[in-house]
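A.B. asks: kindly return the folded structure for what I paste below:
(one chain, ligands or ions: 1)
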Amino acid sequence: MVSFNSRVNKISPYIPGKPEEELKRELGLDHIVKLASNESPMGVSPLVKEAILHEIERVPLYPDDTYLTLKKKLALRHGVTPQEIVLGNGSVELIKNIVSSSYEPGDRFLISRQSFMMYHQAVQEYAGEEAVRWVETKDYAFDMEEFIRIVREEKRIKAVFIANPNNPTGSFIPEETLLRFLENCPPETLVVMDEAYALFADAEGFASALKWRDRFPNLIVLETFSKAFGLAGLRVGYGIAHPEVASSIMKVRLPFHISRLSVAAALAALDDEEFLQKTLENNRRGKAFLLREIEATGFRVIPSQANFLLFLPPRDPIALVKAMERRGVIVRSLVAFGVPEGIRVTVGTEEQNNIFLKAFKEAVKEVYHG
Ligand SMILES: Cc1ncc(COP(=O)(O)O)c(C=O)c1O
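C.D. replies: Numbering: from 1, shown residues only. Model (predicted):
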């Protein structure tokens, strides 16, 4: 048998939310509501549809590998230069490329226990498990004092991964805490601020780290078209970083890594501000509704600045997830996210939220009061 490298052998593979098709087959159901992967429930912007149809004619040609049109548009949106934009086949590609382009033997990467698992997987892949420096969370929020202590006291922390708002907790880091962290971080440590959910955040005290990018050349902010823009199936993510950081990360990407259709869709999505606002408004309303209703069951729900809620049933969350699946509703068990006691539900449309709630109430009765 061919042997694979020891780093890869230790990787715990990414486990995505259960696909709708699989559950349909398993249960013989024809209607499923999937609220498990923080996708947008709002369908596709008509401008995006039109742009994709238009671009189809050019599919025989490779994409423009400079990706300058998209970079320029993003640069304009954020008030930066195109040289400060890095693109990825989803922001997950950027997470990998950051680790693979920066790691040297002896370096370590600081990752929170209850966060997006791709940070861990990327470090496992390129640097190995021994390069992971875990930091514990405190009551479902990042312990920024501990982050500060570690980056100040420990040597060779190459990069820190922080999701703000965080997945799967939905918690956010208040502006002044974030600034204090950036001020305390050594300039040779890369701070990766993953703001995949930032467009959903409206709490007082939330700020994108972008406002400090001039002060901290070691900062890279990641964004994605997969969540608020609703393009998860097309895989487009981007980052904003100092031009030198950006150019190093871009060296390890594959040529033509984002498809023509994806670029066309991303450009069009940026033009449809009305669709974006509708998506954000749906999320605000739906999240408040779900929060109220789940709390009414007596479960603790963690306040969320994202497009999902983390809630904590009294025991056996997997049984509850399974009982909901039997009713055609997919939510996410969080064992792989370091929160085995929790369940995450993505905010859906009003109709989906109501279907979720009915299944949830029935499942709660079955599992805890049956
Ligand atoms: C915090 C965080 N970052 C990045 C991503 C990945 O996004 P993309 O679809 O751009 O790869 C996700 C997806 O769930 C996420 O939760």
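A.B. asks: ok, and the closest non-adjacent residue to the residue in the chain that the ligand sits nearest to?
C.D. replies: Relative to the ligand, the nearest point of the chain is G90 (2.7 Å; C-beta to the nearest ligand atom). Using the backbone N, CA and C atoms, a C-beta is placed for each residue, glycine as well. In space, and not counting its chain neighbours, G90 is closest to R235: 4.2 Å by C-beta to C-beta, 6 or more residues apart in numbering.
A.B. asks: isn't the one you found up against L94?
C.D. replies: No: with contact taken as C-beta atoms under 8 Å, R235 and L94 are classed as non-touching, separated by 11.3 Å.
A.B. asks: who has more neighbours, the two?
C.D. replies: L94 (28 against 20; other C-beta atoms under 10 Å).
A.B. asks: tell me the SS of that one?
C.D. replies: helix (DSSP: H, G, I helix; E, B strand; the rest coil).
A.B. asks: make 405 the first number, not 1, from now on.
C.D. replies: Right, with 405 as the first residue, what we last looked at is L498.
A.B. asks: okay, the closest residue to it other than its chain neighbours: pLDDT?
C.D. replies: Nearest non-adjacent residue to L498, counting by C-beta to C-beta, 6+ apart: G492, 3.7 Å away. Looking at G492, its pLDDT stands at 98.
A.B. asks: ok, G492 touching M522?
C.D. replies: No: G492 is beyond contact range of M522, at 11.4 Å (criterion: C-beta under 8 Å).
A.B. asks: quick one, which of those two is more surrounded?
C.D. replies: G492 (24 against 21).
A.B. asks: show me the contacts for the more buried one.
C.D. replies: G492 sits next to 498-499, 501, 640-643, 657, 661-662 when contact means C-beta atoms under 8 Å, 6 or more residues apart in numbering.
A.B. asks: now swap in V595 and tell me
C.D. replies: 563-564, 566, 585-586, 589, 613, 620, 622-624.
A.B. asks: make sure N686 is indeed in a helix.
C.D. replies: Yes: judged by three-state DSSP, N686 forms part of a helix.
A.B. asks: what about the closest residue in space to it that isn't next to it in sequence, how many neighbours?
C.D. replies: Nearest-residue entry for N686: M446, 6.1 Å, with adjacent residues in sequence omitted and distances by C-beta to C-beta, 6+ apart. Applying other C-beta under 10 Å, we find 19 residues neighbouring M446.
A.B. asks: you'd agree M446 is in a helix?
C.D. replies: No: using three-state DSSP, the assignment for M446 is coil, not a helix.
A.B. asks: show me what contacts it?
C.D. replies: Counting by C-beta under 8 Å, 6+ apart, M446 makes contact with 634, 679, 682-683, 686, 753.
A.B. asks: any idea how far K428 is from E729?
C.D. replies: 11 Å (C-beta to C-beta, to the nearest Å).
A.B. asks: can you check E533 too?
C.D. replies: 32 Å.
A.B. asks: and what of L431?
C.D. replies: 7 Å.
A.B. asks: same deal with L603?
C.D. replies: 30 Å.
A.B. asks: phi, psi for the closest residue in space to P721 that isn't next to it in sequence please.
C.D. replies: Once flanking residues are discounted, P721 sits nearest to I747: 5.0 Å by C-beta to C-beta, 6+ apart. In this entry, I747 is assigned phi and psi values of phi -130, psi 140 (degrees, to the nearest 10).
A.B. asks: residues contacting I747?
C.D. replies: If you count contacts by C-beta under 8 Å, 6+ apart, I747 has them with 714-717, 721, 724-725, 735-738.
A.B. asks: distance of it from G421?
C.D. replies: 12 Å.
A.B. asks: hang on, the earlier thing: any quick ChimeraX command for the buried ones out of the contacts of M446?
C.D. replies: In ChimeraX syntax, the buried subset of those is picked out as below (16 or more other C-beta atoms under 10 Å):
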select :634,679,683,686
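A.B. asks: among the contacts of M446, which two are most distant?
C.D. replies: F679 and T753 (14.0 Å; C-beta to C-beta).
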